[in-house]
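Colleague: sequence first, then the predicted structure:
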Amino acid sequence: MPGELPVIQHSASQPCTYLWACALCDENETCQKDKEGHSRWLVNKRMSVIRNKVLVMSNKGGVGKSTVTTNLAVSLALLGKEVGVVDMDIHGPNIPKMVGGEGQKLKISANGGIIPFQAYNIKVASMAFLLQNSDDPIVWRDAYKYEFINQLIGGVEWQELDYLLVDLPPGTGNESVTTMDLIGDVTGCIIVTTPQEVALLDSRKSVNFVKDSELPIIGIVENMSGLSCPHCHKEINVFKKGGGEAAAHDMGVPFLGRIPLDPEVGVHCDSGEPFAMFCSDGEPFAMFCS
């Protein structure tokens, strides 16, 4: 813990160079330093050794952002990349369960930083690791969220990464805006949608939000696109098909591909085993590694 380290006294004119978030510091209550400046310095330090920062988002819930984020991360790791995942969905964190980390707790390093959970060669930080009970709700105002987002980005010892994937909550609210502001040099955004028109309507809002924020758009992923009948192998378009591709074309952004409905995806997610690890011959895995 930070309290086990030698206490360094700074004069008021010196910047704080502790490698942990202010909320984890034993001197937090008495410190007269510029805490906002220290938080910014710490975020910049952590982010400076990460080559690509990618936001995964959608304006609508239930389209599979966490599933896409998790399996994209695992696919990149299988390709030999160093990958981290920030589960920024404070009120509904699901990624730890998808990687077998449910019930695990984060630890503090000798340097005072938060050690991310590791599984399948990816690093993960999430609110879920801090809950006493997985059923406990998070009822926070924006000020608390801002401080927590600061800790997820700046307080975690990500070290050098090729990719940091940020799984944003649905919508274009505080978490998304704060994350964009803190990270700064976002490499690009992936927008996840399903084929039905209600989801596409919200996805278009996400595209416009990213454009207004002057960030690059990597492209749109159409999730839950078609179901292969297990008996006759005929494709069934449960939620229609092609809506994501059409929306990408209409809005002038790249279309990254379709992920079909596959019962095995849900089975693997629920069991904490990302399907990208075990279904390398299947169509979904091919999409993630393309």
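Modeller: Structure's in. What do you need? Numbers count the residues shown, from 1 in each chain.

Colleague: next one: phi and psi at residue 256?
Modeller: phi -90, psi -20 (degrees, to the nearest 10).

Colleague: in this structure it contacts residue 220, no?
Modeller: Yes - using Cβ atoms under 8 Å, residue 256 is in contact with residue 220, at 6.4 Å. Bear in mind the C-beta positions are built from the backbone N, C-alpha and C, glycine included.

Colleague: who's more crowded, those two?
Modeller: Neighbour totals were compared for residue 256 and residue 220, and residue 220 leads with 29 against 22 (other Cβ atoms under 10 Å).

Colleague: can you give me the distance of that one to residue 202?
Modeller: As judged by Cβ to Cβ, to the nearest Å, residue 220 and residue 202 stand 12 Å apart.

Colleague: now the common contact residues for these two.
Modeller: residue 193 (Cβ atoms under 8 Å, 6 or more residues apart in numbering).

Colleague: residue 155 - how many residues pack around it?
Modeller: Using other Cβ under 10 Å, residue 155 is surrounded by 26 other residues.

Colleague: now for the nearest residue to it once chain neighbours are set aside, how many residues are close by?
Modeller: Distances taken as Cβ to Cβ, 6 or more residues apart in numbering place residue 21 nearest to residue 155, at 3.7 Å, with adjacent residues excluded. As a burial measure, residue 21 scores 26 neighbours (other Cβ under 10 Å).

Colleague: ok, now the one 10 residues further on?
Modeller: Neighbour count for residue 31, taken as other Cβ under 10 Å: 15.

Colleague: how close does residue 244 sit to residue 73?
Modeller: 21 Å.

Colleague: identify the residues contacting the lengthiest helix in the chain?
Modeller: As assigned by DSSP state H, the longest helix anywhere in the chain is helix 197-212. Residues outside helix 197-212 that contact it (Cβ under 8 Å, 6+ apart) are 57-60, 63, 172, 176, 189, 191-193, 217, 220, 243-244, 247, 251, 253.

Colleague: try 6 Å this time
Modeller: 57-60, 63, 172, 189, 191, 193, 217, 243, 247, 251 (Cβ atoms under 6 Å, 6 or more residues apart in numbering).

Colleague: could you list the buried residues of it?
Modeller: By 16 or more other Cβ atoms under 10 Å, the buried positions in helix 197-212 come out as 199, 200, 202, 203, 204, 206, 207, 209, 210.

Colleague: could I get the residues you listed as a markdown table with distance to residue 69 and pLDDT?
Modeller: Formatted as a markdown table, these follow (distance: Cβ to Cβ, whole Å; pLDDT from 0 to 100):
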| residue | distance to residue 69 | pLDDT |
| --- | --- | --- |
| 199 | 17 | 72 |
| 200 | 20 | 75 |
| 202 | 18 | 80 |
| 203 | 16 | 83 |
| 204 | 21 | 87 |
| 206 | 15 | 92 |
| 207 | 18 | 93 |
| 209 | 18 | 94 |
| 210 | 16 | 95 |
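
Colleague: that concludes my questions; thank you for your assistance.
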